[in-house]
Structures are given as structure tokens and as C-alpha cells.
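Task: produce atomic coordinates for the following.
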Amino acid sequence: MITTNVYVEFGARGVSPDHYGDLMEALADHAPGVGPAANGNLSVRLFVNAETVLDALAQAVKVTSHAVHGLGLPDTIVGVEVLTEAEFERREAEPQVPELAGVTEAAAILDVHKQQIARLVERGELVAVQDLASGSVFAAAMVRTYAEKKHSRRIGRPVKDLGLSPAERALLDALVTSAREGTPANTTSAVKEALVEVLPDARIRVHYGSQTPDLTSALDRLVDHKLVRTRALTKAEQKEGNTTDLVVTVLDKGARHAQAAGSAGDTTS
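Residues are numbered from 1 along each chain as shown. Below you'll find the predicted structure:
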């Protein structure tokens, strides 16, 4: 038996608050959430216990359709989604807004001057998701895709030597490799022990605190250089005894420095 979260959307608009309350009462055994969808349709989300995901979907469709029809509302289903409870909680912990990049951030991703971003927009090679008074805003993922597939870094700025210590360099290399391929095998045991797991979207959970003082110091330096970004754990990510762990995201600048060091040692490219 598994617990699932099922979303059912009906082609009913202009539903009254009283009907929402009636549906909540009719579906009370399933911890429901009822309200208007973004497009104005009636949406119902509920938890269902069943043997399989397909069984849960069939059960959810049956009970919600019965409840909606019983209130005299249009019961035509226009969309459904079913997730295991674990997947639902994982998605709830994800940022709800995709990562955005302004002109400065887009220039950093492409390693070009900010003026070059305006030229790329004019040529239609980059498309802003919105133009604000302060400048264009882009989807960061789109800028990274452009950088990987079409952009020539020969017009960018050289990567400067930041004077990273061997420990800082080793940690950066391990973080970059972990984000791309999983925890690397060719690194020191101390670094390997600090890299706990690779999370979705290439983020890495790391031990942070008194148990790893040298690596903690190295991580702080990477943050100061804006090579990586860190955040505290969400409740869903916390594990007993490791509440001081951090989630690390390797920034584009960090990936460039690791790549430059890999191809030319510690010299400036």
C-alpha cells in the first residue's frame, strides 16, 4: 500500500465558496485541498492510499467526480496528476520560482561584458522572459543552454587566478565533479566524507561545522569568491544528527575556474 497525492481539475468555473466548503466536507477522509486553478477551473487535490499509482488515480477520479456531480457542478475532468507522497514532498521542497538571471548574471554565465548581452538580445540569440525598467531578465537555464551549445568563449574575459589554496582547489574540483557526475573517486578521503549526497538539480549536500573544520574554512572561502552558493537544509532534507549540513550549488564562475585549472593547472587562462 502506498500513499499518493492526486490532483484533479474539472472544467467548472465560477464555483462559489459554499461549494468549496461542501467539497471539502465530502472529501474529508482524503485531507483535500479545494479551490480555483490558475485558469479559473475547479481544482481538487487529495491524498489516496492504494496498491499502485494507477489504482490511486482511478480511486481519486471516482470519489472526486461523485462529489462534484452531487453538487450539480460540471464534472468533466480536464486534467489529472498523481504523485507518490515522497515525490510530492520532494517537489514541495523545491524552489517554486525558476532561477532567473539579470544582465549582470547572464554576462557572468557567458563570461562576457554586459554590453555583449544587449547585442545577443538584438540578434535574437538570447530571449528575455521579461523586460523591466532595470533591464532584461532571462531564465538562467536558457542562458546556460546557449552557453553550452552556441556561445564561443573566445570573446569572454580571461579567468583570473584567485590564489586558491590546495584544499580550496580540491574542494571546488570535487564539488564541480559531483554536480556533473556524482561523488568523485579520485579525491581525498576527507573531501569524500564531507560530500554527503548529490541532490536534484546538481546541488550537493555537504557536512559543515566543527566535524570538518578545514573543509568548512575552504567552503567559506569559495563562497567569498562567489564560486559556490550555500543554503541551510529544508525540513525535508534534514537528517538526524546532521542539522548543520549545507546544500551547495556550484555557480558558473566556479565551474569556469575548475575547468580552467583542469586544462592549464593553476595558471591564468
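
which residue ranges form the helices in the stretch 51-200 of the chain?
53-70, 85-93, 103-110, 114-122, 140-149, 166-181, 189-194 (DSSP state H, counting those that start in this stretch).

Quick one, which of those gets closest to V223.
V223 sits nearest to helix 166-181 of all the helices of the stretch 51-200 of the chain, at 10.8 Å, using CB to CB. For every residue, glycine as well, the C-beta is placed using N, CA and C.

Tell me the buried residues in that closest one?
167-179 (16 or more other CB atoms under 10 Å).

circling back to that earlier point, A202 is nearest to which of the helices of the stretch 51-200 of the chain?
Per CB to CB, nearest to A202 of the helices of the stretch 51-200 of the chain: helix 166-181, 3.9 Å.

Hmm, A236 is touching E87, no?
No. Counting by CB atoms under 8 Å, A236 does not reach E87; the two are 11.6 Å apart.

domain assignment for the protein?
The chain is divided into the following domains under automatic domain parsing: 2-93, 100-155, 166-264.

can you redo those as CSV with mean pLDDT?
Listed next are the domains of the chain as CSV, based on pLDDT from 0 to 100:
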stretch, mean pLDDT
domain 2-93, 92
domain 100-155, 83
domain 166-264, 77
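
Buried ones in stretch 120-138, by neighbour count?
120-121, 126, 128, 136-138.

Looking at these, spot the one nearest G21.
Taking CB to CB as the measure, V137 is the one of the buried residues of stretch 120-138 closest to G21, at 39.6 Å.

any idea how far that closest one lies from E89?
Counting by CB to CB, to the nearest Å, the gap from V137 to E89 is 30 Å.

quick one: A179 from V48, how far?
Counting by CB to CB - A179 and V48 are separated by 36 Å.

and the gap between A101 and G124?
18 Å.

again, but for D252
Counting by CB to CB, the gap from D252 to G124 is 23 Å.

And S217, by the same measure?
S217 is 46 Å from G124, by CB to CB.

do the same with L83
38 Å.

Contacts for stretch 215-224 next, please.
Residues outside stretch 215-224 that contact it (CB atoms under 8 Å, 6 or more residues apart in numbering): 164-165, 167-168, 170-172, 175, 190-191, 194, 206-210, 228-230, 246, 248, 254.

and with 10 Å instead?
Stretch 215-224 has contacts (CB atoms under 10 Å, 6 or more residues apart in numbering) with 162-172, 174-175, 188, 190-191, 193-195, 206-210, 212, 227-230, 244, 246, 248, 250-251, 254, 257.

Which positions in that stretch come out as buried?
Going by 16+ other CB under 10 Å, stretch 215-224 has these buried residues: 215-216, 218-219, 221-223.

And those residues, which is closest to L42?
For the buried residues of stretch 215-224, the nearest to L42 is V223 (46.2 Å; CB to CB).

my hunch is that V48 is in a strand, does that hold up?
Yes. The assignment for V48 is a strand, going by DSSP: H, G, I helix; E, B strand; the rest coil.

Please work out how many residues are found near the closest residue to it other than its chain neighbours.
Closest residue to V48 apart from its sequence neighbours, by CB to CB, 6 or more residues apart in numbering: A56 at 4.4 Å. A56: 24 surrounding residues under other CB atoms under 10 Å.
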